[in-house]
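Chemist: Below are the sequence and a predicted model for it; my questions follow.
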Amino acid sequence: MNDIVYIGTGHRKNALARVSLTPGSGNITINGINADVYLQLSPTYMQTFQSPLTSLGLANKYDIMINAKGGGLTGQTEAIRLGLARALCKTNPENRIALKFEGYLTRDSRSKERKKYGLRKARKAPQFSKR
């Protein structure tokens, strides 16, 4: 195994994704399972995390191994997209300009707000009674 491996890490909400790229034929596995099956055959999820590859025109140039944990499928998908974009920056420094312009290198730091005491959720208050 003399293949070069490029690694990128992505976070979103409570999801963490470690992405490793090796030159190959375009096989994608997430946690040892085919990506289509893992993402429940959803074309939206597939488009979301493959968007950095398609914007650079590298759709079938790399084999992608992904280790994703935490959160739900949407958070994991967006974490994979960030990790993939970071790994693609390591393959060729010129990729960074295009990926930065598309917004793939920006981490979305929004996460769930904590629940406060006296409230039902983070901001939802019980019904006010005047009398």
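Modeler: Structure's in. What do you need?
Chemist: Which parts of the protein are strands?
Modeler: For the chain, the strands defined by DSSP state E cover 6-12, 15-23, 28-30, 33-34, 62-69.
Chemist: Mean pLDDT, mean neighbour count and distance to F49 added to the ones you listed, as JSON lines?
Modeler: Placement of C-beta: from N, CA and C, glycine included. Below are the strands of the chain laid out as JSON lines (pLDDT from 0 to 100; neighbours: other Cβ atoms under 10 Å; distance: least, Cβ to Cβ, whole Å):
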{"stretch": "strand 6-12", "mean pLDDT": "94", "mean neighbour count": "19", "distance to F49": "9"}
{"stretch": "strand 15-23", "mean pLDDT": "94", "mean neighbour count": "20", "distance to F49": "9"}
{"stretch": "strand 28-30", "mean pLDDT": "94", "mean neighbour count": "19", "distance to F49": "9"}
{"stretch": "strand 33-34", "mean pLDDT": "94", "mean neighbour count": "11", "distance to F49": "14"}
{"stretch": "strand 62-69", "mean pLDDT": "94", "mean neighbour count": "19", "distance to F49": "8"}
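Chemist: out of those, nearest to E78?
Modeler: strand 6-12 (4.2 Å; Cβ to Cβ).
Chemist: still on that earlier bit, redo the strands of the chain as TSV? Include distance to R110.
Modeler: Output for the strands of the chain, formatted as TSV (distance: least, Cβ to Cβ, whole Å):
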stretch	distance to R110
strand 6-12	9
strand 15-23	12
strand 28-30	23
strand 33-34	28
strand 62-69	19
